[in-house]
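**Student:** can't give you the sequence, but here's the structure:
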C-alpha cells in the first residue's frame, strides 16, 4: 500500500459522505469542488432536519431532507474505516498517491473515494488496464470469448477490469486468474459483501490475487441504479472497454457509453448475426466501436506504439508466389478449354514475346500445358484456382 497525502479530516469527511450521497451524484461533486469535503459534511451534519432552506446549493428541499436524515442515521466514518481495515482494505481519496488520476475525467461525477481490498496499487494497475464486460445471460460462445480475452490480456501484462457479475464478467475474471494474471472487480455494493452470492469464492480469490474496489462503504447493499453508476468507474478506470455479447438494453452498453464520453477506446466482439444477445454489440460496431476478436487486437488498440497484432491472412497458395505479370498471364487462361497465344496476350495486356516467356515459366511450375497452338490449365492448376476462388 502506498503512502497517504490527504489529511485525516478530509479522508474522514469523504468516507462519511459515501454513507450520505449516492455514487456519481453531481451536486455533491460540485459541493466538494466549491466548499471542500470537511465544510460539506459540516453543513449537512449541522442542518436542522426540518429546515426549509438547504444549507448547500443546487438541491431540492425534499432531497436535502433525505440527505440530512441519512446523515443522522449513518455510523461514524471511523467505524467504517476500522471495519475496512479488518478486511485488509483501505479508503483511497483523490489526492492520495494511489488515486487513479484518470477517474478525474468524470468531472463532478468522480467517486468521492474508493474502498479498496487487496495488496497492489490501484493507480499503478489502472495505468495498464482494459475493461471486459458483457451480458449476464450469455451463451457458451460468450463465455469462451470472455475467458479467452481475460487470459490473453493477462498473459500480455494487462490488468482485466470487470464487475464481478455472472456471465461475461465472471468469465473475464476467471480467464485472468487462470493465467495467474491481474484482475480488478468493481462492485456495486460494499467490498465486504458478495453479490451475486454465488460468487463468494470468486470475489475472495480476486481479493487475494488482485483487487476488489467499490464506492460504497462496508455493508452497503446493491441496487439497480448503483449497478448503472458503477459502470462509469469501470470505463474511466481503464484504457478501453471491450463488450462481449450485449443485447440492445444491456448495462454493458452503458459502460461503453461512459468509455466514449471519457475518451477511452471502445471495442466489441462480434457474434452470430441472428443472436439477440449480440445485437447491442453489433449496433455498437456499426457506429463508434472497433471490432476485435482476440487479446492481440485489443492490445494493438489500447497499447503503446509498436504493440501490433500479427497480420491476419489465409494460407499461402503457389499462385501467390508468382510475379504480378506472370499471375496476369495465368489469370488469362479459362478454367476449361484452351486459348491461343494471341488471345492470352490480349487478355493479359502484354506482348506476344513476353506472354510466351511467361507461359513457359508457368509450364515449368506445373500450372499450364501446351496443346497444339493453344494453352490450357493443368488439372493441378484448375484445383488450385477453384480452391482459391479465382479463375476466368
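**Tutor:** It's in. Fair warning: this is a prediction, and the values are worked out from it, not measured in the lab.

**Student:** which residues of the stretch 101-250 of the chain fall in helices?
**Tutor:** Assigned helices in the stretch 101-250 of the chain, in chain order: 122-126, 140-155, 168-178, 200-209, 224-237 (criterion: DSSP state H, counting those that start in this stretch).

**Student:** What is the neighbour count of the nearest residue to residue 181 once chain neighbours are set aside?
**Tutor:** Distances taken as C-beta to C-beta, 6 or more residues apart in numbering put residue 154 closest to residue 181, at 2.3 Å, once the chain neighbours are dropped. From N, CA and C alone the C-beta is placed, and that goes for glycine too. Around residue 154 sit 24 other residues, with neighbours defined as other C-beta atoms under 10 Å.

**Student:** same question, residue 344
**Tutor:** The number of residues packed around residue 344, counting by other C-beta under 10 Å, is 26.

**Student:** Poorly predicted segments of the stretch 151-300 of the chain, please.
**Tutor:** Residues of the stretch 151-300 of the chain meeting the criterion pLDDT under 70: none.

**Student:** What ranges in the stretch 1-150 of the chain fall below the confidence cut-off?
**Tutor:** Along the stretch 1-150 of the chain, the model assigns pLDDT under 70 to residues 1-4, 49-52.

**Student:** coming back round to it: which of the helices of the stretch 101-250 of the chain is buried the deepest?
**Tutor:** Per-stretch averages of neighbours, counted by mean count of other C-beta atoms under 10 Å, single out helix 168-178 among the helices of the stretch 101-250 of the chain, with a mean of 26.

**Student:** Name the surrounding residues that touch it.
**Tutor:** With contacts defined as C-beta atoms under 8 Å, 6 or more residues apart in numbering, helix 168-178 is touched by 132-136, 138, 142-154, 159-160, 162-164, 182-183, 185, 199, 202, 205-206, 209-210, 244-245, 252.

**Student:** again with stretch 31-43
**Tutor:** Counting contacts by C-beta under 8 Å, 6+ apart, the residues touching stretch 31-43 from outside are 9-10, 13-14, 16-17, 20, 28, 55-56, 108, 112.

**Student:** Among these, which lie within strands?
**Tutor:** Among these, none falls in strands (DSSP state E).

**Student:** of these, closest to residue 275?
**Tutor:** Nearest to residue 275 among the contacts of stretch 31-43, counting by C-beta to C-beta, is residue 108 at 38.2 Å.

**Student:** if you skip the residues just before and after it, what's nearest to that closest one?
**Tutor:** Here the residue nearest residue 108, using C-beta to C-beta, 6+ apart, is residue 29, at 3.0 Å.

**Student:** Report the separation between the residue nearest to residue 181 and residue 172.
**Tutor:** Note on residue 154: its distance to residue 172, by C-beta to C-beta, to the nearest Å, is 10 Å.

**Student:** residues shared between the contacts of the two?
**Tutor:** Common contact partners of residue 154 and residue 172 (C-beta under 8 Å, 6+ apart): 160, 183.

**Student:** What segments of the protein are strands?
**Tutor:** Taking DSSP E as the criterion, the chain carries its strands at 89-92, 114-117, 129-134, 159-162, 183-187, 211-214, 240-244, 265-269, 290-291, 339-340, 368-371, 374-377.

**Student:** Buried residues in the last one, which are they?
**Tutor:** Right, the one you point to is strand 374-377. Burial within strand 374-377, assessed by neighbour count using 16 or more other C-beta atoms under 10 Å, is assigned to 375-377.

**Student:** Outside of that strand itself, list whatever touches it.
**Tutor:** Outside strand 374-377, the residues within contact range by C-beta under 8 Å, 6+ apart are 333-335, 337-341, 344, 359, 367-369, 385.

**Student:** Sheet partners, orientation included, of that strand?
**Tutor:** Using DSSP bridges, strand 374-377 pairs in its sheet with strand 339-340 (antiparallel), strand 368-371 (antiparallel).

**Student:** possible to save those strands as JSON lines with distance to residue 192, mean neighbour count and mean pLDDT?
**Tutor:** Below are the strands paired with strand 374-377 laid out as JSON lines (distance: least, C-beta to C-beta, whole Å; neighbours: other C-beta atoms under 10 Å; pLDDT from 0 to 100):
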{"stretch": "strand 339-340", "distance to residue 192": "80", "mean neighbour count": "16", "mean pLDDT": "92"}
{"stretch": "strand 368-371", "distance to residue 192": "76", "mean neighbour count": "16", "mean pLDDT": "89"}
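
**Student:** Rebuild the ones you listed as JSON lines, extending it with distance to residue 194.
**Tutor:** Formatted as JSON lines, these follow (distance: least, C-beta to C-beta, whole Å):
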{"stretch": "strand 339-340", "distance to residue 194": "74"}
{"stretch": "strand 368-371", "distance to residue 194": "71"}
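
**Student:** Tell me which of these lies nearest to residue 318.
**Tutor:** Each of the strands paired with strand 374-377 was scored for nearness to residue 318 using C-beta to C-beta, and the closest is strand 368-371 (12.8 Å).
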